[in-house]
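Asker: Here is a sequence together with a model predicted from it:
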Amino acid sequence: MYKYIIRRLLVFIPMLFILTVIVFALVRAAPGDPFTARLMDPKIDPEVYEKQREALGLNDPVPVQYWRWLSQVLQGDFGESIIYKGREVTDLIASRITNTIQLGVFSLFITIIISIPIGMYSARKPYSLLDYGATAFSFFGLAIPNFFFGLIAIYIFSIALGWFPSQGSVSEPGLSGFELFFDRLHHLVLPGITLGLSGTAAYMRYMRSEVLDVLTSDYIRTARAKGMSERTVLYKHTLRNALIPIITLLGFELGTILSGAVITEGVFQYPGLGMLFLQAIGNRDYPTIMAINLLLGFFILLGNLLADIFYAIVDPRIRYE
């Protein structure tokens, strides 16, 4: 296992390099630059515009720009933000990433505690009323876009009922202790449910399918024939084997949640990486865009590695040499 993990970590290096090339090429292929909109203002002198481009090195050949940026990244320097003048990109990300991680963990927690129990019950009681209800919810969750569900949630639970706030991560500065914890949790409910909606719907269907498949296996029939209780059969044998493909999806979900938070944070004006990313795209803030993309790619690679590790933990038959 240790050798396998080391090999996978070494593979990260060329994959991250390829990712930097793709990210840089896509950002540079986008039309315009951070100063294009200013040309529409008659008060802006075109010479000033060109001097600003020159100062940022935007007139240099693309390979030169890429090598300069990569050299800085290898030293841990992602440059300065263009829209937040004078602020380092690393500082901006550090100030926002905690909020995004909290949102992602909260949505993943909701997904797990809802989808796994309901998926298991649906498999144990197929074609029951709850099974039909879970199926309907799954189709609804997979069909409706997150941003549309978020707008509906804001209208019902924030505007009409006033139960939850519709934006921000805290009500007011200066809170601390349990007061700050519950205030943040209060702000996480609507965006967390919105972000976890499609994942919850998908995992319910996967869990139902896997449990149904495992329950028909020979070793489950053998366990029942030995007189084991239904609870032991379900939680010790069925659940552990049914979770194996779910763990694969959870590994991918690590990167998916962080990238999916972009739209959700935009809808709820939640001050995380997603909001920062949207602002950076709107203003062609190249250093910030590339840094966030690189970070998301790293989390996706890390999620794949964690999925492989959890495979071996859940299923003793799996061994990596």
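Answerer: Sure, I can see it.
Asker: ok, and the helix or strand in this structure with the lowest average confidence?
Answerer: None of the helices or strands of the chain scores lower by mean pLDDT, DSSP states H and E than helix 46-56, at a mean of 68.
Asker: Skip ahead from that one and say which helix or strand is next.
Answerer: Using DSSP states H and E, the next helix or strand after helix 46-56 towards the C-terminus is helix 62-74.
Asker: mind listing what's buried in that next one?
Answerer: 65-66, 69, 73 (16 or more other Cβ atoms under 10 Å). All C-beta spots, glycine's among them, are computed from the backbone N, C-alpha and C.
Asker: And stretch 212-231, by the same measure?
Answerer: 212, 214-215, 220, 223.
Asker: so can I have TSV of the residues you listed showing pLDDT?
Answerer: What follows is those, written out as TSV (pLDDT from 0 to 100):
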residue	pLDDT
Leu212	81
Val214	79
Leu215	77
Ile220	76
Ala223	76
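Asker: count of residues packed around Phe148?
Answerer: The number of residues packed near Phe148 is 11, by other Cβ atoms under 10 Å.
Asker: Check the offset of stretch 141-159 from the chain's centre.
Answerer: When distances are taken as Cα atoms, centre = their mean, to the nearest Å, stretch 141-159 is centred 18 Å away from the chain's centroid.
Asker: got the end-to-end distance for that stretch?
Answerer: End-to-end distance of stretch 141-159 (Cα to Cα, to the nearest Å): 22 Å.
Asker: List the contacts of that stretch.
Answerer: 163-166, 190-191, 193-195, 197-198, 200-202, 260, 263-264, 266-268 (Cβ atoms under 8 Å, 6 or more residues apart in numbering).
Asker: now do 6 Å
Answerer: 163-164, 166, 190, 194, 197-198, 201, 263-264, 267 (Cβ atoms under 6 Å, 6 or more residues apart in numbering).
Asker: could you point out where the stretch 201-321 of the chain is predicted with low confidence?
Answerer: Flagging of the stretch 201-321 of the chain using pLDDT under 70 yields the residue ranges 251-252, 254-256, 258-260, 311-321.
Asker: now Ile13: how far from Ile93?
Answerer: 21 Å (Cβ to Cβ, to the nearest Å).
Asker: Who has more neighbours out of these two?
Answerer: A direct count of neighbours by other Cβ under 10 Å for Ile13 and Ile93 places Ile93 higher, at 19 against 9.
Asker: Which strand or helix spans that one?
Answerer: Using DSSP H and E, Ile93 sits within helix 89-124.
Asker: That helix: which residues count as buried?
Answerer: By 16+ other Cβ under 10 Å, the buried positions in helix 89-124 come out as 89-90, 92-93, 96-97, 99-104, 106-108, 110-112, 114-116, 118-124.
Asker: May I see the buried residues of stretch 287-300?
Answerer: Within stretch 287-300, the residues that count as buried by 16+ other Cβ under 10 Å are 287-297, 299-300.
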